[in-house]
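Q: Provide a 3D model corresponding to the input given below.
(one chain, ligands or ions: 1)
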Amino acid sequence: MTKAYGFDTLQIHAGARPDPATGARQVPIYQTTAYVFRDADHAAALFNLQEVGYIYSRLTNPTVAALAERIATLEGGAGAICCSSGHAAQIMALFPLMGPGRNIIASTRLYGGTVTQFSQTIKRFGWSAKFVDFDDLAALEAAIDGDTRAIFCESVANPGGYVTDIPAVAAVADKAGVPLIVDNTSATPYLCRPIEMGATLVVHSTTKYLTGNGTVTGGCVVDSGKFNWSASDKFPSLSAPEPAYHGLKFHETFGPLAYTFHSIAIGLRDLGMTMNPQGAHYTLMGIETLSLRMERHVANAKKVAAWLEADPRVESVTYAGLPSSPYHDRAARLYPKGAGALFTFAVKGGFDACVKLVDSLELFSHVANLGDTRSLIIHSASTTHRQLSPEQQQAAGAAPNMVRVSIGIEDADDIIADLDQALAKATA
Ligand SMILES: *Cc1c(COP(=O)(O)O)cnc(C)c1O
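A: From the prediction side, this is the model:
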């Protein structure tokens, strides 16, 4: 599909074409595990990566491929790999780059689950992460060493109203010769296009806004196709001969699609973090209305955040869309369509008032999710961040008096009325 089309057109059409067998207009759910080879020579060519085609659905599936192409197109990437969850996508993103003893530099402002994955779980692979405040570019540069293989941040960080200066961070990554990976889950390609700002890879939890209605978990890695993997000897998986494919060199053979092909041929083949075709179908349905939903999410978030900030029962609101935010100007410059619909606010009355608030809301759902059509809330200190000390909770943006909201696309007046009645009970 030509890139001359606008975003609203691409979110419906990219990656999809009438089914060649039946003419079906919507992308069919290809509910199959395997694909019949034309003959033995065809099978051999597929297994040697001499011909592109379907072999087995752990590697590729036509429904999942349509979704991958659609997300790659919306992000302006060369290729994409869909995975079983956002967390799977993060491991898949790092896999071709890393090896025992290698590290990544990660922003201190990340989704809580990502902090755990990077600070604990990846150590089992011999990988490690150094966490740095990405507003301090000198500290970021100083943290990069000879074993650093990637820099990782979120575009609009979940949930503290922090927006990353991606062009500035990309310049540091570029100078060091390492790829920048941006988690674009909270912003979506409608609000932010990290590749245009210099990112090499973009990761998504498609569980959130891309699907948009809280139905399926999924993830995606998008490759810009722009990184020169052969410029140094840092990325042997992509530049050096691959023993499992008779010494094939991915970068030399596949050029800008090297990373994508490696992630399918080695990553999905051996890690198996595959998205299923049903899940891909739900996400394809969701993406068709992404821009419409994001516009409403942002408009509602602005209204609700402004109302909360003016309310005497509320201590503070951290939303980059508010003029009071220290990130307001950066957000306006880099994310002119809006700073997302996810923010935190502090309630007067502390921990107990927050628990009462969450229990008193009627329209909001108390869940550990975000990016749903419905408005969602969570009191992190009594749920996801319960095991942490008060100091750790504070540092994670999950202070006892804070709640996180994901503003939905209902009538803004109804969202505000629900908060109003619940705040009255919480602070009575
Ligand atoms: C939810 C989320 C993830 C993890 O995605 P899952 O689909 O839950 O595995 C990663 N990053 C961000 C910003 C998220 O919101």
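
Q: which residues does the residue of the chain found nearest the ligand contact?
A: The minimum distance from the chain to the ligand, using C-beta to the nearest ligand atom, falls at residue 86 (2.2 Å). All C-beta atoms are positioned from the backbone trio N, CA, C, and that covers glycine. Neighbour list for residue 86: 183, 185, 203-208, 217-219 [criterion: C-beta atoms under 8 Å, 6 or more residues apart in numbering].

Q: farthest pair in those residues?
A: 183 and 217 (15.3 Å; C-beta to C-beta).

Q: ok, the two, which is more surrounded?
A: residue 183 (29 against 20; other C-beta atoms under 10 Å).

Q: Setting aside sequence neighbours, what's the nearest residue to that one?
A: Nearest residue to residue 183 in three dimensions, chain neighbours excluded: residue 154, at 4.3 Å (C-beta to C-beta, 6 or more residues apart in numbering).

Q: just checking, the one you found touches residue 112?
A: No: in this structure residue 154 lies outside contact range of residue 112 using C-beta atoms under 8 Å: 11.7 Å.

Q: higher neighbour count, those two?
A: residue 154 (27 against 17).

Q: gap between that one and residue 220?
A: As judged by C-beta to C-beta, to the nearest Å, residue 154 and residue 220 stand 15 Å apart.

Q: near the ligand too, which of the contacts of residue 86?
A: Residues of the contacts of residue 86 in contact with the ligand (C-beta under 6 Å from any ligand atom): 183, 185, 205, 207-208, 217, 219.

Q: Just send these back as JSON lines, with secondary structure and pLDDT too.
A: Converted to JSON lines, the ones next to the ligand among the contacts of residue 86 look like this (DSSP: H, G, I helix; E, B strand; the rest coil; pLDDT from 0 to 100):
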{"residue": "183", "secondary structure": "strand", "pLDDT": "98"}
{"residue": "185", "secondary structure": "coil", "pLDDT": "97"}
{"residue": "205", "secondary structure": "strand", "pLDDT": "98"}
{"residue": "207", "secondary structure": "coil", "pLDDT": "97"}
{"residue": "208", "secondary structure": "coil", "pLDDT": "97"}
{"residue": "217", "secondary structure": "coil", "pLDDT": "97"}
{"residue": "219", "secondary structure": "strand", "pLDDT": "98"}
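
Q: Let's see the ChimeraX selection covering just the buried ones among these.
A: To isolate the buried subset of the ones next to the ligand among the contacts of residue 86 in ChimeraX, counting by 16 or more other C-beta atoms under 10 Å, use the following:
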select :183,185,205,207,208,217,219
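
Q: tell me which residues in stretch 284-297 are buried?
A: Buried, per 16+ other C-beta under 10 Å, within stretch 284-297: 284, 286-291, 293-294, 296-297.

Q: what's the span of it, first residue to last?
A: 19 Å (C-alpha to C-alpha, to the nearest Å).

Q: and it with the ligand, contact?
A: No: using C-beta under 6 Å from any ligand atom, we find that stretch 284-297 stays clear of the ligand, coming within 13.4 Å at best.

Q: buried sites along the worst-scoring helix or strand of the chain on mean pLDDT?
A: Of all regular secondary-structure elements in the chain, judged by mean pLDDT, DSSP states H and E, the least confident is helix 390-395 with a mean of 73. Neighbour-count burial for helix 390-395 flags residue 393 (criterion: 16+ other C-beta under 10 Å).

Q: and that helix, how far out from the chain's middle?
A: 25 Å (C-alpha atoms, centre = their mean, to the nearest Å).

Q: Find the residue ranges of the stretch 301-428 of the chain scoring beneath the pLDDT cut-off.
A: Across the stretch 301-428 of the chain, the ranges flagged by pLDDT under 70 are 395-396.

Q: what about 80?
A: Across the stretch 301-428 of the chain, the ranges flagged by pLDDT under 80 are 384-397.

Q: If the one residue sitting closest to the centre of the chain is in a bridge, with which residues?
A: The centre of the chain sits closest to residue 204, judged by C-alpha atoms, centre = their mean, with a distance of 2.4 Å. Beta-bridge partners recorded for residue 204 (DSSP bridges): residue 220.

Q: Check it and give its pLDDT.
A: Residue 204 carries a pLDDT value of 98.

Q: Check whether it really touches residue 70, as I assumed.
A: No: applying C-beta under 8 Å, one finds residue 204 not in contact with residue 70, separated by 11.7 Å.

Q: check which helix or strand covers residue 286.
A: Element membership for residue 286 (DSSP states H and E) is helix 277-287.

Q: Pull the residues that contact that helix.
A: 11, 15-16, 27, 29-31, 57, 61-64, 66-67, 70-71, 74, 82, 84, 206, 210-213, 215-218.

Q: Helices - which of those land there?
A: Here DSSP state H is the test, and the contacts of helix 277-287 give 11, 62-64, 66-67, 70-71, 74 as lying in helices.

Q: tell me which parts of the stretch 1-150 of the chain are close to the ligand?
A: So the stretch 1-150 of the chain meets the ligand at 85-87, 111, 113-114 (C-beta under 6 Å from any ligand atom).
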